[in-house]
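S.K.: Task: produce atomic coordinates for the following.
(chains A and B)
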Amino acid sequence: MFCCAILIALFCSMFDVFFLHIADKVILNEAEKALVKSYFSPKKLRKKQYLLQEGDACKYLAFVEQGLLRSYNVDDKAVEHMLQFAWEGWWISDTYSFLSGEPAAYNIDAIEDAELLLITLPHFEEMMLQVPRMERYFRILFQKNIISKERRLLSSISLTAEEKYLRLQHSNPEFVQRIPQHLIASYLGITPETLSRIRKTIVQKK
Amino acid sequence: MAIIGANSKIGTLLAERMAPTYDLLLMDSSSDELMALTNSIRLQQPATNINSLACCREASWEADVIVVAPAMEQLPAIAEKIKEVTNRKPVIHFSQTGAATITLQELLPHANVVVVELEAAASTDRLQKVVRLGGVDKEALKLAGEILARSFATTL
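M.R.: Below is the predicted model of the structure:
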């Protein structure tokens, strides 16, 4: 009971990554930071634990302070289709469900133990009103998200499996290092065996 | 759901009653007693998902709902430790009538605190009666009502 709390308080804050990420796009003063903090719930998620299950309404927009999460859909043959991965400094949610209250189309769970900051839609809206700089922050974020989704769509219809893998490796080396191969294969829409062949071919070419 | 102060009379009663319905994370400072309680519940209700932790901050950080049921004198110290991780979370404070009242909402200003006051009972075997249910946040109040109805359906 008297354990870890003091150590954690001394060495890190649970909003460190969050405010660093925000500072990359907008500058908040101390009063704004305190107000923004008050809207979020800190949450620890153990590996394999769900943040969201398909069919439930998505109650939260989640920021990853630490750890790794994925969002995915499971088809009627029980095959998982990866939509997104999120690690330190990333946001994850089922945006449509979060904004509409409709049942989620995706599952979100933890691939590694995770520390998250969660915000509900009413608190999100209130935060935008109270801290207009956060509205600017989210506008920038949503713009980047749209661009990223357009690029992914384009690459999925115009590139070969090898080109998709190489582009992913080039644009986000951490992705390839950190995420298990079978999940990367699912994200690229190929089988693990195909990914394995592609990786061997790339090594041979070098 | 975390139960802080699981070894107290109320905490033990709550853990036993909530175990069939909720995933529980029990917390108290005496790890031997806590382990005995956890094992006893697992034995009686093998299907239950129950774990224990010796750190109230960790338990509150991991849980979506925090039930607080320690001895009243421990409350300020516990509140200080869990303050940062209970932001916007429902915190349901169970206490017995007649105990010195500390307003947990003042100690946890950003948590959605609900107070449940129970009539004192002679032993944990005897069911207790809710004499007060109070709080500001409607969602948290609704949740506390659901927990009470599910866990004490036969007596309330």
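
S.K.: Quick one: residues contacting the spatially most central residue of chain B.
M.R.: In chain B, the centroid-proximal residue (CA atoms, centre = their mean) is B:Val67; its distance is 2.7 Å. Taking CB atoms under 8 Å, 6 or more residues apart in numbering or on different chains, we find B:Val67 in contact with B:Met1, B:Ala2, B:Ile3, B:Ile4, B:Gly11, B:Leu14, B:Met18, B:Val91, B:Ile92, B:Phe94, B:Ile147. Where you see a C-beta, it was placed from the backbone N, CA and C, and this is true even at glycine.

S.K.: please redo it, this time with the cut-off set to 6 Å
M.R.: B:Val67 makes contacts with B:Ile3, B:Ile92, as judged by CB atoms under 6 Å, 6 or more residues apart in numbering or on different chains.

S.K.: Wait, a strand at it?
M.R.: Yes: counting by DSSP: H, G, I helix; E, B strand; the rest coil, B:Val67 is found in a strand.

S.K.: Number of residues surrounding residue 103?
M.R.: Just so you know, I chose chain A. A total of 14 residues lie near A:Pro103 under the criterion other CB atoms under 10 Å in any protein chain shown.

S.K.: Not quite, go with chain B.
M.R.: If we define neighbours as other CB under 10 Å, then B:Thr103 has 11 of them.

S.K.: Now do the same for it: its pLDDT.
M.R.: In this model, B:Thr103 is scored at 82, pLDDT.

S.K.: Name whatever forms a beta bridge with the residue nearest to the centre of chain B.
M.R.: Assessed by DSSP bridges, B:Val67 has beta-bridge partners B:Ile3, B:Ile92.

S.K.: could you measure it against chain A, distance?
M.R.: B:Val67 sits at a distance of 16 Å from chain A (criterion: CB to the nearest CB, to the nearest Å).

S.K.: And that residue, how far from A:Asp109?
M.R.: 25 Å (CB to CB, to the nearest Å).

S.K.: cool, and A:Ser186?
M.R.: In this view, A:Ser186 and A:Asp109 are 14 Å apart by CB to CB.

S.K.: Which residues are in contact with B:Ala77?
M.R.: Contacts of B:Ala77 by CB under 6 Å, 6+ apart: none found.

S.K.: Helix or strand: which one has it?
M.R.: helix B:75-82 (DSSP states H and E).

S.K.: packing partners for the helix-or-strand element of chain B with minimal mean pLDDT?
M.R.: In chain B, the helix or strand scored least confidently by mean pLDDT, DSSP states H and E is strand B:130-135, which has a mean of 80. Judged by 3 or more CB pairs under 6 Å, 6 or more residues apart in numbering or on different chains; DSSP states H and E, strand B:130-135 is in contact with strand B:112-118.

S.K.: helices or strands next to the strand it packs on in the packing?
M.R.: When contacts are defined as 3+ CB pairs under 6 Å, 6+ apart, strand B:112-118 packs onto strand B:90-96, strand B:130-135, helix B:138-151.

S.K.: Show me the contact partners of it.
M.R.: Contacts to strand B:112-118, defined as CB under 6 Å, 6+ apart, come from residues B:90-97, B:104-105, B:128, B:130-135, B:137, B:140-141, B:144.

S.K.: Now list the buried members of those.
M.R.: Buried members of the contacts of strand B:112-118, scored by 16 or more other CB atoms under 10 Å in any protein chain shown, are B:90-96, B:104-105, B:128, B:130, B:135, B:137, B:140-141, B:144.

S.K.: these two touch, right, A:Ser71 and A:His81?
M.R.: No: at 10.0 Å, A:Ser71 does not count as touching A:His81 under the criterion of CB atoms under 6 Å.

S.K.: who's more crowded, the two?
M.R.: Set A:Ser71 next to A:His81 and count neighbours by other CB under 10 Å: A:Ser71 wins out with 23 against 13.

S.K.: any idea of the pLDDT on that one?
M.R.: 97.

S.K.: With respect to chain A, which of the buried ones among the contacts of strand B:112-118 is nearest?
M.R.: Set against chain A, the nearest of those by CB to the nearest CB is B:Pro90 (10.1 Å).

S.K.: Ramachandran coordinates for residue 52?
M.R.: Using chain A. Dihedral pair for A:Leu52: phi -150, psi 140, per degrees, to the nearest 10.

S.K.: Quick one: neighbours of it, just the number.
M.R.: Using other CB under 10 Å, A:Leu52 has 23 other residues around it.

S.K.: Give the full set of residues in contact with it.
M.R.: A:Leu52 is in contact with A:Cys58, A:Ala104, A:Ile108, counting by CB under 6 Å, 6+ apart.

S.K.: Nearest residue to it in space, ignoring adjacent ones along the chain?
M.R.: Nearest non-adjacent residue to A:Leu52, counting by CB to CB, 6 or more residues apart in numbering or on different chains: A:Ile108, 4.2 Å away.

S.K.: Sort out which one of the buried ones among the contacts of strand B:112-118 lies nearest A:Ser13 for me.
M.R.: B:Val91 (21.1 Å; CB to CB).
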